[in-house]
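Trainee: Sequence first, then the predicted structure, then my questions.
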Amino acid sequence: MRIEPGPGQPLISLPRDTPELLLRPVMVRAANMRPGRRVLPHSHEWCQLAYASEGVLAIYTDQGSWVVPPQRAVWIPHGTTHEVYSPHGSKWRAVHLDNEFAHSMPDTCCVISVSTLLKEMLVHAATMPVEYDEEGADGRLMQVLMDQIRSARTVPLHLPMPLDARLRRITECLINDPSEPRGLEELAGEAGASSRTLARLFSKELGMTFRQWRSQCRLMASMERLALDEPVTTVAIDLGYDSPSAFIAMFKRTLGKPPAAYFGGR
């Protein structure tokens with residue numbers, strides 16, 4: 001789900017204090033991002049975990065997008081070009097990890113669950129000296145932090161994007177208006193391809209059917225709004241569901257919990 005900055009909201013480059021080298025196997029940086037701020041496309045020679053202790057983060061790469069509330073974080077392998085966007089402001093924590101750590105982690109971006117313990121460790125680690133004592137208490141805490149990241153479960157909060165121009169016309173239409181009610185056959189005319197061709201492309205490029213991709217698109221669109229405490233009924237109707245119960249069923253089927261429990265952290 002691509003959330004664009006509102007009128008007059010600036011883009012930003014990387015902060016000036018972004019390290020060129022990792023001084024320790026794991027380092028945690030903290031920054032407060034104002035509403036509508038975006039970190040321009042960039043990559044690192046190290047791995048990164050992007051997390052916001054408050055607010056919602058959106059991460060974009062060529063492969064797709066990820067929108068995450070405070071209970072989740074995005075794993076970004078080294079060398080991955082990515083953007084970071086904060087639609088309503090956030091308290092951002094960037095965990096930089098050396099590439100040895102990557103051997104036990106996925107080789108593509110993904111969302112991981114952030115437990116209460118991991119959240120508190122991330123917040124505390126951001127207050128530690130950059131050159132902390134690796135043999136002391138700070139170093140031991142960082143080792144536990146890495147163990148917590150390794151053991152965190154992944155969460156299906158990824159919206160893949162196609163390369164085929166015909167398919168992209170369809171996906172962009174749904175991203176711009178997730179409540180779009182038309183089916184694939186009705187949308188095919190706008191894409192310049194038959195519904196059969198488009199169905200095949202959805203499966204080949206995105207690993208999903210049209211219905212599955214649209215459901216995921218609507219789920220991603222709901223994340224930002226639910227994280228800001230918008231009523232489930234309002235979100236469900238705005239996204240094109242016939243009833244709140246239908247939306248709640250989809251949400252629970254995908255993420256294992258209904259929205260109230262998911263955002264309540266229970």
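Mentor: Sure, I can see it.

Trainee: Can you classify A73 by secondary structure?
Mentor: strand (DSSP: H, G, I helix; E, B strand; the rest coil).

Trainee: OK, contacts around it?
Mentor: Neighbouring residues of A73 by Cβ atoms under 8 Å, 6 or more residues apart in numbering: 49-51, 111-112, 114. Quick note: C-beta positions are derived from backbone N, CA and C, even for glycine.

Trainee: Filter these down to just the ones in helices.
Mentor: Among those, the subset assigned to helices under DSSP state H is empty.

Trainee: just the residues you listed now: which is nearest L163?
Mentor: Nearest to L163, judged by Cβ to Cβ, of these is V111 at 22.2 Å.

Trainee: Please parse this protein into its domains.
Mentor: Structurally, the chain divides into domains by automatic domain parsing as follows: 26-155, 161-264.

Trainee: Format these as JSON lines; extra columns: mean pLDDT.
Mentor: Shown next, in JSON lines, are the domains of the chain (pLDDT from 0 to 100):
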{"stretch": "domain 26-155", "mean pLDDT": "90"}
{"stretch": "domain 161-264", "mean pLDDT": "91"}
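
Trainee: residue ranges for the strands of the stretch 1-150 of the chain, please.
Mentor: Along the stretch 1-150 of the chain, counting by DSSP state E, counting those that start in this stretch, strands occupy 26-33, 37-42, 47-55, 57-61, 64-68, 72-76, 82-86, 90-97, 110-113.

Trainee: any chance of those in TSV, plus distance to V155?
Mentor: Formatted as TSV, the strands of the stretch 1-150 of the chain follow (distance: least, Cβ to Cβ, whole Å):
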stretch	distance to V155
strand 26-33	21
strand 37-42	22
strand 47-55	13
strand 57-61	13
strand 64-68	8
strand 72-76	6
strand 82-86	18
strand 90-97	17
strand 110-113	5
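
Trainee: Bridge partners for the spatially most central residue of the chain, pull those for me.
Mentor: Geometric centre of the chain, nearest residue: W66, 2.6 Å, by Cα atoms, centre = their mean. With DSSP bridges as the criterion, W66 is bridged to I59, H158.

Trainee: how much space between it and K119?
Mentor: W66 sits 18 Å away from K119, going by Cβ to Cβ, to the nearest Å.
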